[in-house]
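Novice: just coords:
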């Protein structure tokens, strides 16, 4: 519901009221309008009106589903001394004050944000009074100051010692008291981020009398909001932006002369920025990275902060801010601090940790590792992380790889529409591509899923139709063990250890310390240190970044669960460009031995620009998925690819490379089928499936597994071969076509 619609609704409700009678109570109003008063008048009014609660993504859910509107109207819209809500006015039949209507609309639009960000309800009204007129009054309460680095402090102390002998003697006389004070200060002091240069801005409270907890809330502007792929272009385009950020980040001129200002800003941003996700509904959420203005960026980190700071998106104007408020008493002269990892808590010993994304409770070393990108940590902590890495690698090395039969995976031959006896199969599907292209007479599309022998689902959703025990379906139980990237990594490492075709991979949600230790090993040895970070479960190249910057790599998990893998820094190139290959692999059974086939035709996805190991934010150089982006997609038939690649590399025989790829794909499915659910894939005889395997080839023509996808998009396959689904269905769901057919 839009604000205008809500306003109309409120006015309509007010227009339907009975004439107000002096002394009439809200109880009498409800009895007359809604019947017996049962104590749930607010809920019934909300339900009767069908009021909706807007979500931050732009979607809307009913109040009965979310409950947010009821709570808001009932408890959190009170203003002034009257302590009344819009419903109080409606119940009496009075007009609702315009101010209360506007505040109601504001909360209607932002309540999910406010509650999700844990903004105290007592501050909502004050936030509203500042956001709407855009009041930035932090300058009345805080002051920017410069904090000296320890080296300068020591020099100053040396000077004082030379000139202050008498003072030193007086201090010595009170030595016992001083020691006691030092001990007390140490116990109460909060660790803050170590400055990155000799001076660093800090934010200090200057308000007389200080600030009490939850006394006020402040708007903080954003100096720069960007995405990973847009950052470079913005710096190149907007004059003055890089200079402002240079001043905020305290980059000196000597550094600029060596590397160039924009490159330094791009690297340094990961020690300064914060993130939120924008979008939802029909659009894919986008990770937005922003740097607060000079005030917000001067807030240092503390594990024991005195302020909270969160992003806030003002939907009415489409502007993002940050908002900050005191959570502890801050005296005049105190430094303002916030927790850079406020959503990441250390779990208590003996309590099972949950690590599925932001807001989790993690081991102390996991949090410390994520904070080390902001300041130096002790060498013993690095030693601890290195020991964790070695244990991780030793565990992988101890796995005895599963034996995979040397026979290559067979390629799907070409059944025809008249192959074998024509047994009829009724098919129900929610995929229009199947309805359009499943044309052979042996298959009949039905609109009643209960009447079908075969169910072909685009997505397995909780609300979707479920197959009966006798119906065949295109999904194995627990396919996620290889179609979710983190589960695929866990399956391969557990069953196969470290096969040559699987890049070294770490789950950042659980193994950030191990990854940092591996990164440091590469750094020390001079080995290539380029890594790629991917979401656990996303497709079409969403939120994938390539980088050599440790801070950027580690911080990607702030946008959700992430894996980090060693980047293939020496890929095989097709005419100088990076490529990967999409294979359609179908599994007819998984137990006792997988019966799997690969469609002979595969699809080549080419980067648009020549490959080089730099400019990792250049999408067309390092990424190959173009058909879902704004970039041009180049079509290349697989037969032409094979001919040209063998011409480009005369010593290479593609059938040999293909055999290695086939063996790898079969090994993945075999590894998935070793264990039953919930660790492995299902073994039911009525289940079949189709995977989309994405494969790279390195410069030694060894295959590299990229990922395995459920229900791959087969639009291109149907364009290449109109009988694609006819052949797939024949192999998966019938046996008669195989008579007198050859399988390679």
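Specialist: Right, received. Where do you want to start? Every value quoted in this text rests on a predicted model; they were computed, and no experiment measured them.

Novice: name the surrounding residues that touch stretch 636-656.
Specialist: With contacts defined as Cβ atoms under 8 Å, 6 or more residues apart in numbering, stretch 636-656 is touched by 572, 574-575, 601-604, 606, 701, 720. No exception for glycine: its C-beta is placed from N, CA and C like everyone else's.

Novice: mind redoing it with 7 Å?
Specialist: Residues external to stretch 636-656 that are found in contact with it (Cβ atoms under 7 Å, 6 or more residues apart in numbering): 574, 601-602, 604, 606, 701.

Novice: and for stretch 486-501?
Specialist: Residues from elsewhere that reach stretch 486-501, judged by Cβ under 7 Å, 6+ apart: 396-397, 399, 401-402, 480-482, 502, 505, 507, 536, 561, 563, 664, 667, 671-672, 674, 702-705, 707-708.

Novice: drop anything exposed from those.
Specialist: Neighbour-count burial (16 or more other Cβ atoms under 10 Å) applied to the contacts of stretch 486-501 gives 480-482, 502, 505, 507, 536, 561, 563, 664, 667, 671-672, 674, 703-705, 707-708.

Novice: which residues of the stretch 101-250 of the chain fall in helices?
Specialist: Assigned by DSSP state H, counting those that start in this stretch, the stretch 101-250 of the chain shows helices spanning 124-131, 150-163, 165-173, 175-188, 231-237, 241-249.

Novice: which ones among the contacts of stretch 636-656 map onto strands?
Specialist: Assigned to strands by DSSP state E, the following of those qualify: 604, 606.

Novice: now for the contacts of stretch 636-656: which two are most distant?
Specialist: Put simply, by Cβ to Cβ the two of these set farthest apart are 601 and 701, 20.4 Å from each other.

Novice: show me the shaky parts of this structure.
Specialist: For the chain, residues meeting the criterion pLDDT under 70 lie at 1-94, 147-199, 257-259, 279-284, 348-360, 404-422, 460-463, 538-541, 627-629, 736-744.

Novice: hey, which strand is longest across it?
Specialist: The strand that spans the most residues within the chain, counting by DSSP E, is strand 579-589.

Novice: and the residue nearest to residue 620 when sequence neighbours are not counted, what does it touch?
Specialist: Once flanking residues are discounted, residue 620 sits nearest to residue 608: 3.9 Å by Cβ to Cβ, 6 or more residues apart in numbering. The contact partners of residue 608, by Cβ under 7 Å, 6+ apart, come to 620, 626, 631-632.

Novice: figure out the helix or strand that residue 608 lives in.
Specialist: Counting by DSSP states H and E, no helix or strand carries residue 608.

Novice: next, it: phi, psi?
Specialist: Dihedral angles of residue 608 (phi, psi; degrees, to the nearest 10) stand at phi -90, psi -20.

Novice: how far away is it from residue 633?
Specialist: Separation of residue 608 from residue 633 (Cβ to Cβ, to the nearest Å): 9 Å.

Novice: the residue nearest to residue 620 and residue 134, how far apart?
Specialist: Separation of residue 608 from residue 134 (Cβ to Cβ) stands at 42 Å.

Novice: let me see the ranges of the helices in the stretch 251-400 of the chain.
Specialist: Taking DSSP H, counting those that start in this stretch as the criterion, the stretch 251-400 of the chain carries its helices at 253-259, 261-268, 294-297, 364-371, 379-397.

Novice: ok now the fourth one, how far from the chain's centre?
Specialist: When you say that, I think you mean helix 364-371. 19 Å (Cα atoms, centre = their mean, to the nearest Å).

Novice: and if you look at the third one?
Specialist: With Cα atoms, centre = their mean as the basis, helix 294-297 stands 25 Å off its chain's centre.

Novice: residues in contact with that helix?
Specialist: With contact meaning Cβ under 7 Å, 6+ apart, helix 294-297 is reached by 138, 142, 144, 203, 220, 248, 272, 291, 309, 322.

Novice: thought the fourth one was touching residue 138?
Specialist: Translated: residue 203. No: counting by Cβ atoms under 7 Å, residue 203 stays clear of residue 138, with 8.6 Å between them.

Novice: so which of those two has more stuff around it?
Specialist: Neighbours were counted for residue 203 and for residue 138 using other Cβ atoms under 10 Å; residue 203 has more, 25 against 19.

Novice: dump the residue contacts of the more buried one.
Specialist: Neighbours of residue 203 in contact, by Cβ under 7 Å, 6+ apart: 142, 144, 295, 298-299, 335-336.

Novice: out of these, which comes closest to residue 444?
Specialist: residue 299 (65.8 Å).

Novice: count the residues that sit near the closest one.
Specialist: Neighbour number of residue 299 under other Cβ under 10 Å is 27.

Novice: how about residue 466?
Specialist: 11.

Novice: how far away is it from residue 475?
Specialist: From residue 466 across to residue 475, the span is 11 Å (Cβ to Cβ).

Novice: do residue 266 as well
Specialist: As for residue 266, its distance to residue 475 is 43 Å (criterion: Cβ to Cβ).

Novice: ok, residue 484 next?
Specialist: With distances taken as Cβ to Cβ, residue 484 is found 14 Å from residue 475.

Novice: look at residue 557 and give its secondary structure.
Specialist: Following DSSP: H, G, I helix; E, B strand; the rest coil, residue 557 is assigned to helix.

Novice: residues contacting the closest residue to it other than its chain neighbours?
Specialist: Closest residue to residue 557 apart from its sequence neighbours, by Cβ to Cβ, 6+ apart: residue 508 at 4.4 Å. Counting by Cβ under 7 Å, 6+ apart, residue 508 touches 515, 554, 557, 562-564.

Novice: widest-spaced pair of these?
Specialist: Largest separation among those by Cβ to Cβ: 554 and 563, giving 12.5 Å.

Novice: which residues of the stretch 501-650 of the chain fall in strands?
Specialist: Counting by DSSP state E, counting those that start in this stretch, the stretch 501-650 of the chain has strands at residues 505-507, 531-535, 545-547, 562-566, 579-589, 595-599, 603-606.

Novice: compare those and report which one is nearest to residue 118.
Specialist: Short answer: strand 562-566, nearest of the strands of the stretch 501-650 of the chain by Cβ to Cβ, at 23.5 Å.

Novice: by contact count, what packs against the closest one?
Specialist: Judged by 3 or more Cβ pairs under 7 Å, 6 or more residues apart in numbering; DSSP states H and E, the packing partners of strand 562-566 are helix 485-495, strand 505-507, helix 508-525, strand 531-535.

Novice: distance to residue 547 added to these, as JSON lines?
Specialist: Putting the helices and strands packed on strand 562-566 into JSON lines (distance: least, Cβ to Cβ, whole Å) gives the following:
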{"stretch": "helix 485-495", "distance to residue 547": "18"}
{"stretch": "strand 505-507", "distance to residue 547": "14"}
{"stretch": "helix 508-525", "distance to residue 547": "11"}
{"stretch": "strand 531-535", "distance to residue 547": "7"}
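
Novice: so which of these gets nearest residue 456?
Specialist: Between these, helix 485-495 lies closest to residue 456; by Cβ to Cβ that is 23.4 Å.

Novice: can you tell me how far the residue nearest to residue 620 sits from residue 622?
Specialist: Computed as Cβ to Cβ, the residue 608 to residue 622 distance reads 11 Å.

Novice: next: residue 481.
Specialist: Per Cβ to Cβ, residue 481 is found 29 Å from residue 622.

Novice: number of residues surrounding the closest residue in space to residue 474 that isn't next to it in sequence?
Specialist: Nearest non-adjacent residue to residue 474, counting by Cβ to Cβ, 6+ apart: residue 456, 4.9 Å away. Using other Cβ under 10 Å, residue 456 is surrounded by 27 other residues.

Novice: partners of residue 456 in the sheet?
Specialist: residue 429 (DSSP bridges).

Novice: which residues are in contact with it?
Specialist: 427, 429, 431, 434, 474.

Novice: ok, the residue sitting nearest the centre point of the chain to residue 535 distance?
Specialist: Closest to where the C-alpha atoms of the chain average out (Cα atoms, centre = their mean) is residue 560, at 3.0 Å. Note on residue 560: its distance to residue 535, by Cβ to Cβ, is 6 Å.
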